[in-house]
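# Need the 3D shape of this:
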Amino acid sequence: MTRYVKLAVTTLLTGYLLVVLGGAVRVAGAESGCGPGWVGCDGSLAPILSFPIAFDYFHRAFAVVVTLLSVGLVVLAWRESRSRGLLLGLSGAALGLVLIQGVLGMFTAQPAAGAAVGTAHLALAEIFLAVVALAALIASAGWLVPADWRTAGRRTSAGWLAIAASVGAFALLATGAYTALSGSGTACTGWPLCGDRVVPTGWTPVDIHLTHRWVAAITTTLILALAIHVRRVRSDSPALVGLSTGGAVLMVAQVFVGAANVWVELNPVITTAHLAVATIVWGVVVSVAALDRMLPVAERAPAAQPARRVWRDYFVLTKPGVMALLLTTTLGAMLFAKAGLPPLRILIWTLIGGALASGGAAAINHYLDRDIDRIMTRTRNRPVAGGRVTPVQALIFGVTLSVLSVYLMAVFVNPLAAILSLAGNLFYVIVYTMWLKRATPQNIVIGGAAGAIPPLVGWAAVTGNVGLPAIIMFIIVFAWTPPHFWALALFRSKTRDYAAAGVPMYPAVYGDAKTRQQIFIYTLLLVITSLLLVFPLGANGLLYFAVAAVLGGLFVHKAVQLLRRPAQQPLLARSLFMYSNYYLALLFLAMVVDRLVLA
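Reported below is the predicted structural model:
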């Protein structure tokens, strides 16, 4: 990856954040941050730390950063002698768009700025992102795309359809911005979720809003058709198949949330999330259109696998066993926090969001660990390691699920639950998978924090905050993870999987005997922590105390057996591992039942 590609990707991500921040500024009504000499201001200085004016200053700071990055792109493009003309042209265009945006941004801060000005501001920002994305793709010749793509590539019918979908996505962004900025976002007449709200006919807010809906319907049809057509004519390219499929999934979610946006009358969080994902969809279809031209068509596409096998492989990518356990703790925390059944809407969307977050992180884990998965006996038949799902397909699948998770949680649950869910996802992918797993024998101890976050998500979904009982649940799952995972490692130790793969898992580094000691120590910590809900917190009563004591005593008994009988290690480690699954589920069930009795 060249320096230009790295800088272009950085500029693209920073520009995306700039667009999302701009949307947040507009919907929060924070674009009035003024200072002496600022165009459209009366010379007064709005306090920077006032909320939400700080959003506007933060947005402007990001704009400065993007401008500097764009200048850097021009400089690096000038030094790239091989493709100076094309890269320099795109880089110069990006810089020009940023400078125009800066001037236009001054006018959008004026109280009298109309919807047309704000729409133009967003439209130019979206064009800027597309230009930078194209520059990054072109600069990746020889890495992501063939070095001879100009002569080897040709546009297919899928590419032309992607261009049409790109036009639709751009029109959708523009009409959506104008609809929101003109105050037409909640105008409806007989539209589902509108109730009795009716606005007179004529060229009114209703017509503006209906225009946006028609554009949404056409664009959705184009993007769904693109996903289907790419699978037919470009099945030779996993990148194109994955991108088009991910774009279709996100587009369907956009339509669904767009209807909810009318229902809640343009809630700022939902509106900002709507813009954030719409921008991703726009970038996806533009990338499909470009890559179709750059990636040569194979003479023979690989033979398609049976649909049942494909669906099963993608299901395996989500690690459904882990997902079920995480959702159990999420549900337990929700029922505990409510002392009963929470609102059905909150319950369903939290579990759906949690499932998507867990599945997305797991799929990205398959992508990142594909090299060591091929070495270890236990994992060598996984979809990516076994070659049945390509790495890029797994990555796109995982990222799509993760984006959907945050999107749906923020829109239908609350921002805190969405942030906590995203934090768990990022911690598992970046901190554990990309760093700790290959760096330290304490990987599973520290990395266990990712799997302990679901109770916090469940609690926040119901209460809007994180209470002390939720923190204790977090510690319970955190302490439970090492004995659970190390028991599995000991059970599989006869294959020496981790040692062969060069992964410094605790048993591979310190040996079985010391691992058994650590299992015993963490089991004691787990049992002690589980009783904190009774003493001193008092959140649970005698029923939970009795169940937790019995379950914990049996856990300790199994850990002692494993410690004292090394000759029977495979059998005892397997028994402890299997019991640990039941232990956690039964413990959370006891919490909920006892809580209901107390209530």
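# Just want the phi and psi numbers for residue 523.
With angles defined as degrees, to the nearest 10, residue 523 sits at phi -70, psi -40.
# pLDDT wise, what is residue 435 at?
Looking at residue 435, its pLDDT reads 89.
# Around it, count how many other residues there are.
14 (other C-beta atoms under 10 Å). Backbone N, C-alpha and C define where each C-beta goes, glycine included.
# What of residue 329?
When neighbours are counted by other C-beta under 10 Å, residue 329 comes out with 27.
# Tell me which residue is most central in this protein.
Closest to where the C-alpha atoms of the chain average out (C-alpha atoms, centre = their mean) is residue 402, at 2.8 Å.
# Relative to residue 421, how far out is the residue nearest to that residue when sequence neighbours are not counted?
Using C-beta to C-beta, 6 or more residues apart in numbering and skipping the chain neighbours, the partner closest in space to residue 402 is residue 360 (3.4 Å). The gap separating residue 360 from residue 421 is 10 Å, by C-beta to C-beta, to the nearest Å.
# Quick check: neighbours shared by these two?
residue 405 (C-beta atoms under 8 Å, 6 or more residues apart in numbering).
# neighbour-wise, which of those two wins?
Neighbour totals were compared for residue 360 and residue 421, and residue 421 leads with 31 against 25 (other C-beta under 10 Å).
# so who does the more buried one touch?
353-354, 357, 405-406, 409, 453, 457.
# just to revisit the earlier point, would you confirm that the residue nearest to the centre of the chain contacts residue 425?
Yes - here residue 402 reaches residue 425: they are 5.5 Å apart, a contact under C-beta atoms under 8 Å.
# Between the two, which contacts overlap?
Counting by C-beta under 8 Å, 6+ apart, the residues touching both residue 402 and residue 425 are 357, 360-361.
# what about the stretch 101-250 of the chain, any weak spots by pLDDT?
The stretch 101-250 of the chain contains residues with pLDDT under 70 at 107-114, 142-144, 149, 151-153, 183-209.
# who's in contact with the closest residue to residue 12 other than its chain neighbours?
Using C-beta to C-beta, 6+ apart and skipping residues adjacent in sequence, the residue nearest residue 12 is residue 132, 4.8 Å away. For residue 132, the contacting residues are 8, 11-12, 15, 73, 90, 94, by C-beta under 8 Å, 6+ apart.
# Include pLDDT when you put these into a markdown table, please.
Formatted as a markdown table, the contacts of residue 132 follow (pLDDT from 0 to 100):
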| residue | pLDDT |
| --- | --- |
| 8 | 89 |
| 11 | 91 |
| 12 | 91 |
| 15 | 90 |
| 73 | 90 |
| 90 | 89 |
| 94 | 91 |
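# quick one: which of those is most hemmed in?
residue 8 (31 neighbours).
# hang on, isn't it packed against residue 135?
Yes - between residue 8 and residue 135 a contact is recorded at 5.3 Å, counting by C-beta under 8 Å.
# Counting neighbours, what do you get for residue 525?
17.
# got a list of what the closest residue to it other than its chain neighbours touches?
Among residues not flanking residue 525 along the chain, residue 479 sits closest, at 4.7 Å (C-beta to C-beta, 6+ apart). Contact analysis of residue 479 by C-beta under 8 Å, 6+ apart lists 522, 525-526, 529.
# Look at residue 479 and give its secondary structure.
Classification of residue 479 using DSSP: H, G, I helix; E, B strand; the rest coil returns helix.
# per-residue confidence at it?
So, for residue 479, pLDDT stands at 96.
# Tell me how far residue 165 lies from residue 176.
Distance from residue 165 to residue 176, by C-beta to C-beta: 16 Å.
# quick one, domains of the chain?
Split into domains by automatic domain parsing, the chain comes to 1-144, 151-297, 306-435, 467-599.
# I'd like to know which of those lies nearest to residue 444.
Of all the domains of the chain, domain 467-599 sits nearest to residue 444, with 4.9 Å by C-beta to C-beta.
# want to throw the contacts of residue 132 into a markdown table with distance to residue 340 and secondary structure?
Shown next, in a markdown table, are those (distance: C-beta to C-beta, whole Å; DSSP: H, G, I helix; E, B strand; the rest coil):
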| residue | distance to residue 340 | secondary structure |
| --- | --- | --- |
| 8 | 52 | helix |
| 11 | 50 | helix |
| 12 | 46 | helix |
| 15 | 46 | helix |
| 73 | 56 | helix |
| 90 | 58 | helix |
| 94 | 55 | helix |
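# list the contacts for residue 22?
59, 121-122, 125.
# sorry, that was for residue 482
444-445, 448, 518-519, 522.
# In the stretch 451-599 of the chain, mark out all the helices, start to finish.
In the stretch 451-599 of the chain, the helices defined using DSSP state H, counting those that start in this stretch lie at 454-463, 468-491, 497-501, 506-530, 542-564, 569-598.
# which regions of the stretch 401-550 of the chain lie under the pLDDT threshold?
For the stretch 401-550 of the chain, the ranges with pLDDT under 70 are 492-495.
# that older thread, what residues sit buried inside the strand or helix carrying the residue nearest to residue 12?
Using DSSP states H and E, residue 132 falls within helix 115-139. For helix 115-139, burial by neighbour count (16 or more other C-beta atoms under 10 Å) applies to 115, 118-139.
# With stretch 17-28 instead?
Buried residues in stretch 17-28 (16+ other C-beta under 10 Å): 18-28.
# Nearest to residue 145 among the residues you listed?
Distances from residue 145 to the buried residues of stretch 17-28, taken by C-beta to C-beta, are shortest for residue 19, at 25.6 Å.
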